[in-house]
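S.K.: Kindly return the folded structure for what I paste below:
(one chain, ligands or ions: 1)
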Amino acid sequence: MNTQHCPQCRHPISAPSLRQYDDYFICPHCHGALSHNETDIMMYALGFITLFTPVLMMAAGMNIFIAMVVVMLSYHLLRPVLIERFFRLRLLDLSPLSQPENQPTSD
Ligand SMILES: [Zn+2]
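M.R.: Down below sits the predicted model:
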């Protein structure tokens with residue numbers, strides 16, 4: 001399990017894997033709606049691919065397309081085990097009043 005801290009109540013929580021929830025998961029302490037930070041999800045994937053694709057090309061003499069497929073597949077398998085614990089958690093505001101389209105309009 002990945003132990004992280006809730007951004008709202010700061011309690012240590014075991015965040016579920018990205019595959020285990022759809023839009024968000026609920027903090028067991030403060031019941032806040034949490035999800036992994038999308039920027040971190042993208043940056044780690046991009047970093048992993050740009051770091052390891054050239055390594056495979058040079059070390060194993062792979063062509064760039066094969067190397068990228070191998071790296072993306074490795075990332076897919078390793079992310080839940082090794083990488084997701086580094087993603088920051090963010091608190092989602094699910095209250096309907098915070099949605100811009102629901103705010104009262106003045107004519
Ligand atoms: Zn919490």
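
S.K.: use CA for all of it now, contacts and neighbours both
M.R.: Noted.

S.K.: low-scoring pLDDT stretches of the chain, where are they?
M.R.: Counting by pLDDT under 70, the low-confidence segments of the chain come to 1-2, 97-107.

S.K.: Would you state the strands of it in chain order?
M.R.: In the chain, the segments counted as strands under DSSP state E are 2-5, 12-15, 25-26, 33-36, 89-92.

S.K.: if I look at the residue nearest the centre of the chain, how far off is Met62?
M.R.: Geometric centre of the chain, nearest residue: Ile41, 3.8 Å, by CA atoms, centre = their mean. Using CA to CA, to the nearest Å, one obtains 26 Å as the distance from Ile41 to Met62.

S.K.: Pick the most deeply packed of the strands of the chain.
M.R.: strand 33-36 (a mean of 21; mean count of other CA atoms under 10 Å).

S.K.: Starting from that one, tell me which strands it pairs with and how they run.
M.R.: Strands adjacent to strand 33-36 in the sheet, as given by DSSP bridges, are strand 25-26 (antiparallel), strand 89-92 (antiparallel).

S.K.: Understood, closing this out.
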